[in-house]
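>>> one predicted model, sequence on top.
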Amino acid sequence: MSDYRRAFVPGGCWFFTVNLLDRRKGLLTDRIEILRDAVAATRRSHPFEIDAFVVLPDHLHAIWKLPSGDADFSVRWRLIKTRFAKALPATERLSAVRFARNERGIWQRRFWEHLIRDEADYARHVEYCYYNPVKHGHVSRVCEWPYSSFHRDVRAGLFPEDWGGDVKAIGDFGERA
């Protein structure tokens, strides 16, 4: 069994990568309203701030800040994944293990998380989120991708609309190479 070590810092800030089980599917953007509803319902029951969020067809990246005294990001991801899955018809193929455990075959079981350490680390991860649709060839400019909090940050004056990213993707962001 794997030995997972997660950093639990109450009130901390984390970067996440969360993947669909079948990376050939486009469920996340095809069913974006269901995902938005799942996130909103989870935020009502287990509050957190969204500093950055980008949804691609088969995976997403997010940066969250949790309330002071709270470090349980895992329960929030479990709730989001469960709410999203329950809102979809059960048409996916299941492995014998998932069938025996009465699990859906929509999400990868785990997620990647990284505790943000300082302002430079924070900026690097926000930029990585926003540049990701360009990196994966979905659009040629960051502002063209509709499923991103980039647009909120442009309205707030944090980024110019024509920001193209001077992203140095050094480090591990939880994606396949």
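Happy to help now that I have it.

>>> hey, let's count contacts and neighbours off CA atoms from now on
Will do.

>>> His61 falls within a strand, correct?
Yes: under DSSP: H, G, I helix; E, B strand; the rest coil, His61 sits within a strand.

>>> in three-state terms, label the nearest residue to it once chain neighbours are set aside for me.
Nearest residue to His61 in three dimensions, chain neighbours excluded: Thr17, at 4.6 Å (CA to CA, 6 or more residues apart in numbering). Three-state assignment for Thr17 (three-state DSSP): strand.

>>> can you report how many residues neighbour Thr17?
19 (other CA atoms under 10 Å).

>>> let's have the chain start at 477 instead
Done: numbering now begins at 477, and the last item shifts to Thr493.

>>> surely it meets Arg586?
No: with contact defined as CA atoms under 8 Å, Thr493 does not count as touching Arg586 (9.5 Å).

>>> okay, the residue nearest to His537 and Arg499: tell me how far apart.
For Thr493, the distance to Arg499 equals 13 Å [CA to CA, to the nearest Å].

>>> quick one: common contacting residues for these two?
Counting by CA atoms under 8 Å, 6 or more residues apart in numbering, the shared contacts of Thr493 and Arg499 are His535.

>>> what are the buried residues along whichever helix in the chain runs longest?
Longest helix in the chain, counting residues (DSSP state H): helix 595-611. Of all the residues in helix 595-611, those buried under the rule 16 or more other CA atoms under 10 Å are 598, 600-610.

>>> equivalent analysis for stretch 498-509, please.
498, 503-505, 508.

>>> of these, the lowest pLDDT goes to which?
Across these, the smallest pLDDT goes to Asp498, namely 86.

>>> residues contacting that residue?
534, 582-583.
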